[in-house]
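In: give me a 3D structure for the following:
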Amino acid sequence: MSDTPTLQRPAWIALFEFAPGNLVYANGHKLKSIRAFFEGGKTGGGSGEKAGGGRSQRHWFCNACGTTTAESFNACPRCGKELHQQAEVALIVNFEAEENTQITAEEEARQRVSFARREHLVHEVDGKCRVFPYEFAALELRPKCGVLVTNWGKRLRGQSDQQQGEGIHLCPACGRHKPASLPPKRDRKWDEDHAKMCNAHLEQFVLGYQFHADALILPVDSSWMTGGVSPEAFLSTLGTALVQGAVELLELEQDEIAHFHQGSAESGWIIGLYETAPGGAGYLETLAGKLQPWAIETEELLFGHECAGACYRCLKTYRNQFRHRILDKNLVRDFVFHLACSVSTGSAREEAVGTAAKVVAQQIELFGKEQAGMTTGPQSPIERNLIEAIRAHGRLPDPICQREFRNEAGQLITVADFAYEDRKIAIYCDGFAYHGNAEKLAGDAMKRNHLQSLGWTVLTFWGITILRYPERCVAQIVRVLNQRSSQA
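Out: Have a look, this model is predicted:
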């Protein structure tokens, strides 16, 4: 018995659900995917049309900014870094599976293979976009840009889903898949059986699906991920949260918008969202013009209920099981809060691709200058504004001011501007994410991560936010206080 599932919308899901070596559950049977058929037709780049009528294309990948191109460059056309990684990408049409066994009553969970998955924006010459500037962020809408979703093979132990997997070995003529790391006897048997049917030799491929759709890019400054915070955990959580918030705001189906992240501390990080329907449906343009309500919806989704870090009410879904271990809403609490306080600073304008990151860099410099003029410490205008807002709320006790934290040797580690001792909530009013040099940012983050390791929840409010939106800062404190009280 065989079954040939074909790519359907959203097609990229099939690259992982039906990938060679994975198990497919259908009609009470458990099937094993054994073959992959490439997309037909010739191509201008790569190795062209294969013997079996399929198509593959050689791509070069930039590990710094995440850009991919089918053209041969010595350096990345986007960030200028040297291109070290290349791979033959098989553009898949469908797969074939053979019956493995029937599903038994004892089988409580579906068996699945975890694959290394990556998404890439395809390089466009003279690419244009629309930049939506906000007070604390900038969004870049790239209409109908090329998106390449790739499956790099089984994810190796200890690897993230963004890293290179073990590769996928396929016959370019018949499409049959040879599992990696077969025992010697089974390895020889597979070669003998394949030779009886086909005389082509195996090649290593990356499975791919390329299409054009709207993409929405959000640059994320590296200062949010200093002090030991894992960029992958932070960015995966943030991307997942923004997608779920968009689903709630626009009342979409779960798979209509997907996300990815790419970049590095050197080149800068981005969160990318794209519409899975080829051609797009206009959802991302709507989101680009509604950052504040979108972020407010995301914040409510994350923190409007009680869970330690992630659950099926906020971040977890069936399809992101491979990310469950790193999803933690507490990592992105401050970032989402400040997006929810953002306001537009102008109308959208057409710019060159990559402009949003430059806008954010200019904002960091501007806010740094504003922040430098705001004194902090006991009785500063920032702190007075927050404590007055707390008292005006009427239902919050006064916090402890200037709470010192020392290590076991009695050395001072950090001083929180305010603290609720019994609920282990520390509050900082210095806006550390947008002022100071890199060394100071890393030092501040490490101190606060130390508090979190001791069980404290750390809230950070920029001085600008406290002065403009004190009631929102208080609402954030109330929410965390209530959550901590319920957990006590």
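In: pLDDT weak spots in the stretch 1-150 of the chain?
Out: By pLDDT under 70, the low-scoring segments of the stretch 1-150 of the chain are 1-12, 39-54, 99-112.
In: now do the phi/psi pair for residue 118.
Out: phi -140, psi 150 (degrees, to the nearest 10).
In: what is it paired to in the beta sheet?
Out: Residue 118 forms beta bridges with residue 150, as assigned by DSSP bridges.
In: so it sits against residue 153, correct?
Out: No. With contact defined as C-beta atoms under 8 Å, residue 118 does not count as touching residue 153 (11.3 Å). C-beta: built from backbone N, CA, C; applies to glycine.
In: tell me the gap between stretch 240-252 and the middle of its chain.
Out: The chain centre lies 14 Å from the centre of stretch 240-252; the measure is C-alpha atoms, centre = their mean, to the nearest Å.
In: in it, what counts as buried?
Out: For stretch 240-252, the neighbour count (16 or more other C-beta atoms under 10 Å) marks 240, 241, 242, 243, 244, 245, 246, 247, 249, 250 as buried.
In: closest to residue 28 among the residues you listed?
Out: Nearest to residue 28 among the buried residues of stretch 240-252 is residue 247, at 31.1 Å by C-beta to C-beta.
In: which SS class is that closest one?
Out: Secondary structure for residue 247, judged by DSSP: H, G, I helix; E, B strand; the rest coil, is helix.
In: which residues does it contact?
Out: 253, 254, 256, 257 (C-beta atoms under 8 Å, 6 or more residues apart in numbering).
In: quick one: least confident of those residues?
Out: The pLDDT minimum for these sits at residue 254, where the score is 83.
In: so who does that residue touch?
Out: 247, 317, 319.
In: related to what we said a few turns ago, take the contacts of residue 247 and write them to TSV, including secondary structure and distance to residue 26.
Out: TSV is the format used below for the contacts of residue 247 (DSSP: H, G, I helix; E, B strand; the rest coil; distance: C-beta to C-beta, whole Å):
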residue	secondary structure	distance to residue 26
253	coil	21
254	helix	21
256	helix	24
257	strand	27
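In: compare those residues and tell me which has the most neighbours.
Out: In terms of neighbours by other C-beta atoms under 10 Å, the contacts of residue 247 top out with residue 257 at 26 neighbours.
In: now do the contacts for the residue positioned nearest the centre of the chain.
Out: Of all residues in the chain, the one closest to the mean position by C-alpha atoms, centre = their mean is residue 236, 3.3 Å from it. The contact partners of residue 236, taken as C-beta under 8 Å, 6+ apart, are 261, 323, 326, 327.
In: buried residues of stretch 266-286, list them for me.
Out: 267-277, 280-281, 283-285.
In: just the ones of the residues you listed in strands?
Out: Using DSSP state E, the members of those that fall within strands are 268, 269, 270, 271, 272, 273, 274, 275.
In: could I get those as a markdown table with pLDDT and distance to residue 418?
Out: Putting those into a markdown table (pLDDT from 0 to 100; distance: C-beta to C-beta, whole Å) gives the following:
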| residue | pLDDT | distance to residue 418 |
| --- | --- | --- |
| 268 | 84 | 33 |
| 269 | 91 | 30 |
| 270 | 92 | 34 |
| 271 | 95 | 31 |
| 272 | 93 | 37 |
| 273 | 95 | 36 |
| 274 | 90 | 41 |
| 275 | 86 | 43 |
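In: from those, pick the one nearest residue 21.
Out: Nearest to residue 21 among these, counting by C-beta to C-beta, is residue 274 at 26.4 Å.
In: what's the neighbour count on the residue lying closest to the closest one once chain neighbours are set aside?
Out: Distances taken as C-beta to C-beta, 6 or more residues apart in numbering place residue 215 nearest to residue 274, at 4.5 Å, with adjacent residues excluded. Neighbourhood size, residue 215 [other C-beta under 10 Å]: 23.
In: next one: residue 239
Out: Neighbour number of residue 239 under other C-beta under 10 Å is 23.
In: Three-state assignment for it, please.
Out: Here residue 239 is recorded as helix under three-state DSSP.
In: which ones are touching it?
Out: By C-beta under 8 Å, 6+ apart, the contact list for residue 239 reads 259, 260, 261, 271, 272, 273.
In: and which of those is nearest to residue 35?
Out: When the contacts of residue 239 are compared for distance to residue 35 (C-beta to C-beta), residue 260 wins out at 27.5 Å.
In: next one: phi and psi at that closest one?
Out: The phi/psi pair for residue 260 (degrees, to the nearest 10) reads phi -150, psi 170.
In: what two of the buried residues of stretch 266-286 are the furthest from one another?
Out: The largest separation in the buried residues of stretch 266-286, counting by C-beta to C-beta, is between 267 and 281 at 30.6 Å.
In: format the ones in strands among the buried residues of stretch 266-286 as a markdown table; extra columns: distance to residue 197.
Out: Formatted as a markdown table, those follow (distance: C-beta to C-beta, whole Å):
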| residue | distance to residue 197 |
| --- | --- |
| 268 | 49 |
| 269 | 47 |
| 270 | 45 |
| 271 | 46 |
| 272 | 42 |
| 273 | 43 |
| 274 | 39 |
| 275 | 41 |
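In: so what are the domain limits for this structure?
Out: 2-303, 373-487 (automatic domain parsing).
In: so which of those gets nearest residue 341?
Out: For residue 341, the closest of the domains of the chain is domain 373-487, at 5.1 Å, according to C-beta to C-beta.
In: pull the distance from the closest one to the chain's centre.
Out: Taking C-alpha atoms, centre = their mean, one finds domain 373-487 lying 27 Å from the centre of the chain it belongs to.
In: just the mean pLDDT for that domain, thanks.
Out: 81.
In: distance check, residue 462 against residue 405.
Out: Distance, residue 462 to residue 405, using C-beta to C-beta, to the nearest Å: 21 Å.
In: more neighbours, those two?
Out: The residue with more neighbours, out of residue 462 and residue 405 and counting by other C-beta under 10 Å, is residue 462; that gives 28 against 17.
In: quick one: buried residues of stretch 344-352?
Out: Neighbour-count burial for stretch 344-352 flags 348, 351 (criterion: 16+ other C-beta under 10 Å).
In: tell me the phi and psi of the residue located most distally from the centre of the chain?
Out: In the chain, counting by C-alpha atoms, centre = their mean, residue 196 sits farthest out from the average C-alpha position, at 44.9 Å. Main-chain dihedrals, residue 196, degrees, to the nearest 10: phi -70, psi -20.
In: when you give positions from now on, start the count at 407
Out: Okay, using 407 as the starting number, the last item reads as residue 602.
In: what about it, distance to residue 660?
Out: In this structure, residue 602 and residue 660 are 44 Å apart, going by C-beta to C-beta.
In: same list (the buried residues of stretch 646-658) but as CSV, adding distance to residue 768.
Out: Formatted as CSV, the buried residues of stretch 646-658 follow (distance: C-beta to C-beta, whole Å):
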residue, distance to residue 768
646, 28
647, 26
648, 23
649, 28
650, 30
651, 26
652, 27
653, 32
655, 28
656, 30
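In: just give me the closest of the residues you listed to residue 482.
Out: residue 648 (26.0 Å).
In: any idea how far that closest one lies from residue 741?
Out: Residue 648 is 10 Å from residue 741, by C-beta to C-beta.
In: can you list phi and psi of residue 542 for me?
Out: Residue torsions, per degrees, to the nearest 10, at residue 542 are phi -120, psi 10.
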